[in-house]
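Asks: Mind looking at a prediction? Sequence and model below.
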Amino acid sequence: MDIAFLIARFGYAAVFAGTLLEGETVLLLAGYAAHRGYLDFAPVIGVAWLGASLGDQLFFWLGRRHARRLLAARPALNTKMARALAWIERHPDLAIIAMRFLWGLRTALPLALGMSTVSWRRFFWLNLLSAALWAALVAGVGWSFGALIAQRAPAWHRYEHWGMAAVVVLALAARGWRRWRARPSKESGP
């Protein structure tokens, strides 16, 4: 069983799972894999659109139903959330369209939007539009990178599976590092 088989077999599921959360890395790799012929480009965009839309709808709903309780448990976030809500109230449409293009805020902004006065219908339709733009753009960047690599470094295809695995490992390590650094420090007592 080789990497090409695994990508073809589980690639769309990985795109869906990855785009439920932040997913840029997964979608870039899927765009690259589509250029290489392991996946089809249109379904990559469709699956990414669906995963991103559903993920943000879930976080919007969580914000609408449970964010105030979550903020009560983490009072340090109240100031940041108040600033986010003030911006959302001034520019609700821009906040919805831009949220997925603001790296690192793909989870926080839908939660904040759920806490705002933005109607669920408005969020739903603008979120679908934003997810479609994002999925096509990010997958297209991955595709274009594949075309550039094929043109500039044709021997790369012999090592691409290792390169793709390295990107995944590095992305997971970076995410783990950010989470580790963001965790609250425990002050030692006397």
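Replies: All right, it came through fine.
Asks: now the most centrally placed residue in the chain, nearest residue through space, not along the chain?
Replies: Centroid check for the chain by CA atoms, centre = their mean gives Glu22 as the closest residue, at 1.9 Å. Leaving aside its chain neighbours, Glu22 sits nearest to Arg106 (4.8 Å; criterion: CB to CB, 6 or more residues apart in numbering). C-beta here means a position set from N, CA and C on the backbone, and glycine is covered the same way.
Asks: Roughly how far does Val141 sit from Ala30?
Replies: 11 Å (CB to CB, to the nearest Å).
Asks: which one of the two has more residues nearby?
Replies: Ala30 (31 against 15; other CB atoms under 10 Å).
Asks: Who are the contact partners of that one?
Replies: By CB atoms under 8 Å, 6 or more residues apart in numbering, the residues touching Ala30 are 11, 14-15, 39, 44, 48, 139, 142.
Asks: do Trp87 as well
Replies: Here Trp87 is in contact with Ala95 (CB under 8 Å, 6+ apart).
Asks: starting at the chain centroid, how far to the host helix or strand of it?
Replies: Element membership for Trp87 (DSSP states H and E) is helix 78-90. With CA atoms, centre = their mean, to the nearest Å as the basis, helix 78-90 stands 21 Å off its chain's centre.
Asks: average model confidence for that helix?
Replies: Averaged across helix 78-90, the pLDDT comes to 83.
Asks: One more: stretch 115-134?
Replies: 94.
Asks: how far out from the middle of the chain is it?
Replies: Put simply, stretch 115-134 sits 15 Å off its chain's centre (CA atoms, centre = their mean).
Asks: Need the residues that contact stretch 18-25.
Replies: Stretch 18-25 is contacted from outside by 15, 26-27, 47-48, 50-52, 54-55, 58, 103-104, 106-107, 135, 138, 167-168, 171, using CB under 8 Å, 6+ apart.
Asks: By neighbour count, sort out the buried ones in the residues you listed.
Replies: By neighbour count, with 16 or more other CB atoms under 10 Å, these hold 15, 26-27, 47-48, 50-52, 55, 106-107, 135, 138, 171 as buried.
Asks: before we move on, back to that, now the residue nearest to Glu22. Its backbone dihedrals?
Replies: When read as degrees, to the nearest 10, the backbone of Arg106 gives phi -60, psi -20.
Asks: any idea how far Trp120 lies from Tyr38?
Replies: 37 Å.
Asks: what stretches of this protein score poorly on pLDDT?
Replies: 1, 104, 152-175, 178-179, 182-190 (pLDDT under 70).
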